[in-house]
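A.B. asks: Take this sequence and fold it.
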Amino acid sequence: MSESLHPSRVVAVIPARGGSKGLPGKNLARVGGRPLIERAVRACRAAEQVDLVVVSTDSAEIAATARAAGARVVLRPPSLAGDTASSESAVLHALDVLSAEQPDPEVTVLVQCTSPFVDPADVDAAVKQVRAGELDCCFAALPTHELLWRSAGRTVHGVNHDGGPRRRRQEVEPDHRETGAFYAMRTRLLRDQGHRFCGRVGVQPVRAATAVEVDAPDDLELARALAAVLDPQLDGPVDVDAVVTDFDGVHTDDRAAVDEHGHEAVVVSRSDGMGVSRLRRAGIRVLILSTETNPVVRARAGKLGVPVLNGVADKRQALLAWIADEGLDPQRVAYVGNDVNDLGALASVGWPVAVPDADPRVRALARVVLSRPGGHGAVRDLSERVLAARGS
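C.D. replies: Sure, this is the predicted structure:
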């Protein structure tokens, strides 16, 4: 993102209401470990053609998340925050607020945070076409050879084909499906016409893998599964003030030996012990949080010299209470989990972390997938990343 603030700059506006009927709280739903609004802000900030990123919202929580990601926030009035308010109304209101400080930008980009895989290079390509005078509106679209049929009573007829003998794919010009991800518009025409499809309209083709829009629970699950493939797994520093871990499956390989008296024993990694020791010396707070009531959990925590909450029925509530008691920022806490009972805790922190053999739903929610499995150095792996962020 350019730092230039000259009058011909490009502004990206991301509308993000707090309410949603189809998927409540969707703009804060996490994909690849990050809230959708944060993903949108980061994509816009990574676009070289974009000089300023603005989030228009009526939600204090969305506003805080957007600011933390580096966006300017414009709070919209209640009249523009209902179900019937258009995205254009939010964009124009944001431009009006900005116009009190500086002239309108040459190009305005409407970006939807419900599209979690916006490629900054695609945004740049669309903006360039508008700035070059080739188009007045350029939007994200997926080239497709899909054949559409429309119902007419009990029968159907072809929409983008004649229903006759089928031609080969390479003989047919593709249609384009609007993905909803972004729209680059000449600001003057947007103001004159009041809608996004102003003047000469063209498309910026995007990859099929990125053309996902999150509007329903199934869409969210699909996006999370795709993120595990599309997002580069972070293999670098993890900048946090605290590390909270599950026990079974993280400190252990999730197996236990049981003798004839019903006593359980587990195997742990000495390298994890060294990792925890180094974290503590660096001033990083460490907590073990487990649903297990087995005394082995407390015994291991005592050996490591860290506090433990075990026999916990609701990990999320216990985690949030501990974070509040410690005066920590949840966005600077890492939680390491491996199974479905960790999902609530993972969704509550800024750094959800999974071991590589975790349940697929845990991996899909994680921001980081560790390289070492539970019981074989997973905690040491994370400790090295945290210490790297501290320069240790």
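
A.B. asks: average pLDDT for stretch 64-72?
C.D. replies: The average pLDDT for stretch 64-72 rounds to 92.

A.B. asks: Now find how far off-centre that stretch is within its chain.
C.D. replies: 14 Å (Cα atoms, centre = their mean, to the nearest Å).

A.B. asks: how about that stretch as PDB, C-alpha atoms only?
C.D. replies: Taking Å, rounded to 0.1, in the frame of the first residue of the first chain, the C-alpha atoms of stretch 64-72 are listed here in PDB:
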ATOM      1  CA  ALA A  64     -11.600  -2.300  17.000                       C
ATOM      2  CA  THR A  65     -10.500  -5.300  14.900                       C
ATOM      3  CA  ALA A  66     -10.300  -3.100  11.800                       C
ATOM      4  CA  ARG A  67      -8.100  -0.500  13.500                       C
ATOM      5  CA  ALA A  68      -5.800  -3.200  14.900                       C
ATOM      6  CA  ALA A  69      -5.400  -4.400  11.300                       C
ATOM      7  CA  GLY A  70      -4.400  -0.900  10.100                       C
ATOM      8  CA  ALA A  71      -7.700   0.500   8.700                       C
ATOM      9  CA  ARG A  72      -9.300   3.900   9.200                       C
END
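
A.B. asks: Domain ranges for the chain, per the record?
C.D. replies: Per automatic domain parsing, the structural domains of the chain span 10-145+173-228, 242-389.

A.B. asks: Throw these into CSV and include distance to Val156 and mean neighbour count, thanks.
C.D. replies: The way it works is simple: take the backbone N, C-alpha and C, and place the C-beta from them, glycine included. Listed next are those as CSV, based on distance: least, Cβ to Cβ, whole Å; neighbours: other Cβ atoms under 10 Å:
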stretch, distance to Val156, mean neighbour count
domain 10-145+173-228, 17, 20
domain 242-389, 37, 19
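
A.B. asks: Distance to Gly164 for those - can I get that in a markdown table?
C.D. replies: Listed next are the domains of the chain as a markdown table, based on distance: least, Cβ to Cβ, whole Å:
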| stretch | distance to Gly164 |
| --- | --- |
| domain 10-145+173-228 | 16 |
| domain 242-389 | 44 |
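
A.B. asks: now for the ones you listed, which one comes closest to Ser151?
C.D. replies: Among those, the nearest to Ser151 by Cβ to Cβ is domain 10-145+173-228 (19.0 Å).

A.B. asks: quick check, distance from the closest one to the centre of its chain.
C.D. replies: That offset, for domain 10-145+173-228, works out to 14 Å (Cα atoms, centre = their mean).

A.B. asks: Tell me the span between the first and last residue of it.
C.D. replies: Chord length of domain 10-145+173-228, first to last residue, is 31 Å (Cα to Cα, to the nearest Å).

A.B. asks: again with stretch 71-83
C.D. replies: Span of stretch 71-83 from end to end, Cα to Cα: 24 Å.

A.B. asks: hmm, back to that, go through the domains of the chain and name the closest to Val159.
C.D. replies: Closest approach to Val159 among the domains of the chain is made by domain 10-145+173-228 (9.3 Å; Cβ to Cβ).

A.B. asks: which outside residues touch stretch 96-109?
C.D. replies: In this structure, residues lying in contact with stretch 96-109 by Cβ atoms under 8 Å, 6 or more residues apart in numbering are 5, 7-13, 44, 49-52, 54, 74, 91, 95, 123, 126-127, 130-131, 182-188, 190-191.

A.B. asks: Could you tell me the end-to-end distance of that stretch?
C.D. replies: Stretch 96-109 end-to-end distance (Cα to Cα) = 15 Å.

A.B. asks: same thing with stretch 362-382?
C.D. replies: 16 Å.

A.B. asks: Then stretch 171-180?
C.D. replies: First-to-last distance for stretch 171-180 - Cα to Cα - comes to 28 Å.

A.B. asks: Strands of the stretch 1-150 of the chain, start to end?
C.D. replies: Along the stretch 1-150 of the chain, the segments classed as strands by DSSP state E, counting those that start in this stretch run 10-15, 30-31, 34-35, 52-57, 72-75, 107-111, 137-144, 149-152.

A.B. asks: JSON lines for those, including distance to Ser269?
C.D. replies: Output for those, formatted as JSON lines (distance: least, Cβ to Cβ, whole Å):
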{"stretch": "strand 10-15", "distance to Ser269": "43"}
{"stretch": "strand 30-31", "distance to Ser269": "29"}
{"stretch": "strand 34-35", "distance to Ser269": "29"}
{"stretch": "strand 52-57", "distance to Ser269": "43"}
{"stretch": "strand 72-75", "distance to Ser269": "44"}
{"stretch": "strand 107-111", "distance to Ser269": "44"}
{"stretch": "strand 137-144", "distance to Ser269": "46"}
{"stretch": "strand 149-152", "distance to Ser269": "58"}
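
A.B. asks: one step back: between the domains of the chain, which one is nearest to His161?
C.D. replies: Among these, domain 10-145+173-228 comes nearest to His161, with 9.9 Å by Cβ to Cβ.

A.B. asks: pretty sure Pro165 is in a strand, no?
C.D. replies: No - assessed with DSSP: H, G, I helix; E, B strand; the rest coil, Pro165 is coil; it does not lie in a strand.

A.B. asks: Let me see the contact set for it.
C.D. replies: Pro165 touches nothing, counting by Cβ under 8 Å, 6+ apart.

A.B. asks: same thing with Ala313?
C.D. replies: Residues in contact with Ala313 (Cβ under 8 Å, 6+ apart) are Thr291.

A.B. asks: Need the three-state assignment for it.
C.D. replies: When classified by three-state DSSP, Ala313 comes out as coil.

A.B. asks: now the helices: where do they sit in the stretch 101-250 of the chain?
C.D. replies: Here the stretch 101-250 of the chain has its helices, by DSSP state H, counting those that start in this stretch, at 120-131, 187-193, 217-230.

A.B. asks: And those: which comes nearest Asn27?
C.D. replies: Of all the helices of the stretch 101-250 of the chain, helix 217-230 sits nearest to Asn27, with 11.5 Å by Cβ to Cβ.
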